[in-house]
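Asker: Sequence and predicted structure below; questions after.
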Amino acid sequence: MSETIIAADHLTIRFGPVTAVNDVSFEVAKGEIFGFLGPNGSGKTTIIKALCGLLTPSEGTGRILGMDIRKDAAEIRRHVGYMSQKFGLYEDLTVAENLAFYAGVYGLEGERAAERTRDVQKLTGIAPYMKRRAGQLSGGWKQRLALACAIIHSPEVVFLDEPTAGIDPVARRALWDLLFQLSGQGVTFFVTTHYMDEAERCGRVGYIYLSKLIAIGTVAELQRLPEANPAGTSRIQIDTPNPAQILDTVRAMAGVREATIFGRSIHALVDTDQLEALRAKLPGARVETIEPSLEDVFVTLTYQIMGAAK
Amino acid sequence: MRRLFRGLVPICRKEFLHIVRDPGTLFFALLIPILQLFLFGFAVDTNVRQIPTVVLDESQTQESRRLLESFAGSDVFKLSSYATSPEGMYEAIRSGKARAGIQIPFDYARRLQDGTTATVLVLVDGSDSSVAGQAISTATGVALQSSLVRVLPDGTMPIEVRPSVLYNPATRSANFFVPGLIAILLQVMTILLIALSLVRERERGTLEQLTMTPVAPLGLMVGKMIPYGVLAFGELCAILVVMRVVFLVPIHGNVLLLLALSVPFLLTVLGIGLVISTKAQTQAEAFQLSMGTILPSVFLSGYIFLIENMPLFFRGISQVIPATYYIQILRGIILRGAGIGELWVQALVLTLMGCAAILVAARMFVRQGAR
């Protein structure tokens, strides 16, 4: 693996009695797009803040570009870009003014600022809107402007905190195309998201639940995780004309651990020895074994932790 | 040094753009204090004059009429109605038609002639303490003078007090109240504008974005203070012009010194606005907290009540209220023509308060930027 850009080392962050991040460790390599999944309040934003040096960890530490997050916070922030779902744009200022402001904030001056502004304009295609107020842009364009502002200082690392929440699918795909383009140039991305399809685009994915990082790896690695595929079970897809009608029936059957509707079929995790019996009880439905989706993996892991907590 | 204030210039430039982009807010921010100045400047008159007075003259003699004339001549009493019975007199006061009552008994003239003491009943509505105090002292004065005139053979007074009021010869209320009002108006406007500007950034998520950039807390704070400080300074100039031209309050001291010594006060209130903005999560909260600073500044700063008359505890509080010092500066320069020699202490205290407020705000900001 190439050069490590982001490293969290047994990171623990407490707010009073609440542990927001519990012993989290991971590494992200140069040019990687690392996806970070987890429900709201699971500690995703807190980890980003800690890695940018805004929060001092209660225990553990981390390094960004080799700099210590406890000591070099100010220096780290000069090399890091950040974009949140709120975008951080000034809606009463024009696109050009927003870009100029962030260029100034990152200490770019004169020719360098002009050059970088041209670069991000070209990359995001926002040039035709330079004189428009940011508040008048559509969601997709706001998002591109936010990205342009976040990368105006050519950061080596960019943190994206739920960047595509509330954005239409076309704009989402456009953003991802931009991210891949930049990652090809060696920029490292740390992206938090709710969307499984987005997570599947990431090179590697981490899943955080109840403040703990419970799984990390490539999508293929996660699909083959033993915790997500307990021994003696099979993941199956049941194709039937009306899945909603038989969902409760399936759930009540012997050996069915989880079942949920997926489009026009039911996905279920069942004990392998009960598979034939189940197939016999569902005449007219096509039952076949499948690979778990990323969502299946995370749901299974989440249930296991919830079960353990009880 | 540069690092300590990193981001100041872009923040400052952007903040000016916000102000210019929102002419509505700008207009109201500048206009409302001027309107309030007109309102309070014209309405507030603490000199007690022409108290509506009900008269019950049972004597109906030349002597009683002469006494009533001296009451009317004092300018404090205005003999506005006449009662025919004591009940009528009480009723007039209770209903609020009159605030004072003068009852001259039927034996008034006879007792004067006999040389025995003639009594005159003066009733005063105590529900307004300044009216009551003025009415009592004037009534006593009228009685004393009338008595002396009767006793002294040739009617000349052995002693005559000639009060001469320094600095505000006409004892015009405007001269006293308008300079103090400047402090209150400037404070409200400035605290509110800067606090709202920062809380707005918090609500819209741009503050979160800024904390992820290399902007230093002091760069952010001072970068916000400069535009709103300039705005408040312009407002101060406008208020001074209105005070001079409309309320005819003369400025006895040096106007430039007044403007210069206003800077530490603006620094302090801007700092307070920033402290409020680090506490408040929403604009509504910021508004409430800003309004909460008004009452102490009005009542405990010497603006209305003399600090010397306050209980020790409140005198102590008045010493930590910035408006206390600024009102002393304003009144000193405008009314008494005081110079820096008399006012440097106030200026120094305000400067220290201002720096403290900014540092506290920056510290609190760092600590919760975290969250």
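Answerer: Received the coordinates, thanks. Residues are numbered from 1 along each chain as shown, chains lettered A, B, ... in the order given.

Asker: from here on, contacts and neighbour counts on C-alpha atoms
Answerer: Will do.

Asker: tell me, how many neighbours does the closest residue to chain B within the stretch 51-200 of chain A end up with?
Answerer: Nearest to chain B, among the residues of the stretch 51-200 of chain A, is A:Gly88, at 4.0 Å (Cα to the nearest Cα). Applying other Cα atoms under 10 Å in any protein chain shown, we find 25 residues neighbouring A:Gly88.

Asker: for the one 3 residues further on, same thing?
Answerer: Here the neighbour count serves as a burial measure; for A:Glu91 (other Cα under 10 Å) it reads 17.

Asker: Skipping adjacent residues, who's closest to the residue of the stretch 51-200 of chain A closest to chain B in space?
Answerer: B:Thr206 (4.0 Å; Cα to Cα, 6 or more residues apart in numbering or on different chains).

Asker: Quick check: the one you found touching A:Leu89?
Answerer: Yes. With contacts counted by Cα atoms under 8 Å, B:Thr206 reaches A:Leu89, the gap being 6.2 Å.

Asker: neighbour count winner among the two?
Answerer: For B:Thr206 versus A:Leu89, neighbours defined as other Cα under 10 Å are more numerous around A:Leu89 (26 against 19).

Asker: Would you check that the more buried one makes contact with B:Glu208?
Answerer: No. Under the criterion of Cα under 8 Å, A:Leu89 makes no contact with B:Glu208, lying 10.8 Å away.

Asker: list residues touching both of those two?
Answerer: In terms of Cα atoms under 8 Å, 6 or more residues apart in numbering or on different chains, A:Leu89 and B:Glu208 are not both contacted by any residue.

Asker: what stretches of chain A score poorly on pLDDT?
Answerer: In the predicted model, chain A carries pLDDT under 70 at residues A:1, A:309-310.

Asker: Up against chain B, what does it have?
Answerer: By Cα under 8 Å from any Cα of the partner chain, the residues of chain A that approach chain B are A:46, A:49, A:52, A:54-55, A:74-75, A:77-78, A:81-84, A:86-90, A:92-93, A:101, A:104-107.

Asker: Out of these, name the ones that lie in helices.
Answerer: Applying DSSP state H to the residues of chain A next to chain B, the entries found in helices are A:Thr46, A:Lys49, A:Ala74, A:Glu75, A:Arg77, A:Arg78, A:Phe101, A:Gly104, A:Val105.

Asker: The first one: neighbouring residues, count only.
Answerer: When you say that, I think you mean A:Thr46. 20.

Asker: Model confidence for B:Met1, exactly?
Answerer: With respect to pLDDT, B:Met1 scores 66.

Asker: can you list contacts of the helix or strand harbouring A:Ala146?
Answerer: Secondary-structure assignment from DSSP states H and E places A:Ala146 in helix A:139-150. Contact partners of helix A:139-150, identified using Cα under 8 Å, 6+ apart, comprise A:81-83, A:87-89, A:95, A:98-99, A:102-103, A:120-121, A:124, A:126, A:134-135, A:158, A:163-164, A:167-168, A:171-172, A:175.

Asker: hang on, the earlier thing: so what's the residue of the stretch 51-200 of chain A closest to chain B up against?
Answerer: A:Ala146, B:Arg204, B:Gly205, B:Thr206, B:Leu207, B:Glu208, B:Gln209, B:Leu210.

Asker: Just give me the residue right at the centre of the chain.
Answerer: Reading this off chain A. Nearest residue to the geometric centre of chain A (Cα atoms, centre = their mean): A:Thr192, 2.9 Å.

Asker: Correction: the question concerned chain B.
Answerer: Note: chain B centre (Cα atoms, centre = their mean) maps to B:Tyr303, 3.9 Å.

Asker: Please tell me how far the residue of the stretch 51-200 of chain A closest to chain B sits from A:Leu99.
Answerer: Taking Cα to Cα, to the nearest Å as the measure, A:Gly88 falls 12 Å from A:Leu99.

Asker: Can you list the residue ranges for strands in the chain?
Answerer: The chain I'm using is chain A. Ranges of strands in chain A, per DSSP state E, are A:4-15, A:18-29, A:33-37, A:59-64, A:67-68, A:80-84, A:157-161, A:188-193, A:204-209, A:212-217, A:233-239, A:256-262, A:265-271, A:286-289.

Asker: wrong chain, I was asking about chain B
Answerer: B:51-57, B:77-82, B:100-104, B:121-124.

Asker: for the ones you listed, which one sits closest to chain A?
Answerer: strand B:51-57 (55.9 Å).

Asker: Does the residue nearest to the centre of chain B touch B:Gly180 like I think?
Answerer: Yes. With contact defined as Cα under 8 Å, B:Tyr303 reaches B:Gly180; the gap is 5.6 Å.

Asker: Residues that sit against both of the two, list them.
Answerer: B:Ile327.

Asker: Counting neighbours, what do you get for A:Tyr303?
Answerer: Using other Cα under 10 Å, A:Tyr303 is surrounded by 12 other residues.

Asker: for the one 4 residues further on, same thing?
Answerer: Neighbourhood size, A:Gly307 [other Cα under 10 Å]: 9.

Asker: Next: A:Thr302.
Answerer: 18.

Asker: Break chain B down into its domains, please.
Answerer: B:8-44+B:172-369, B:51-151 (automatic domain parsing).

Asker: Quick one: mean pLDDT for the longest one?
Answerer: Okay, so that is domain B:8-44+B:172-369. 91.
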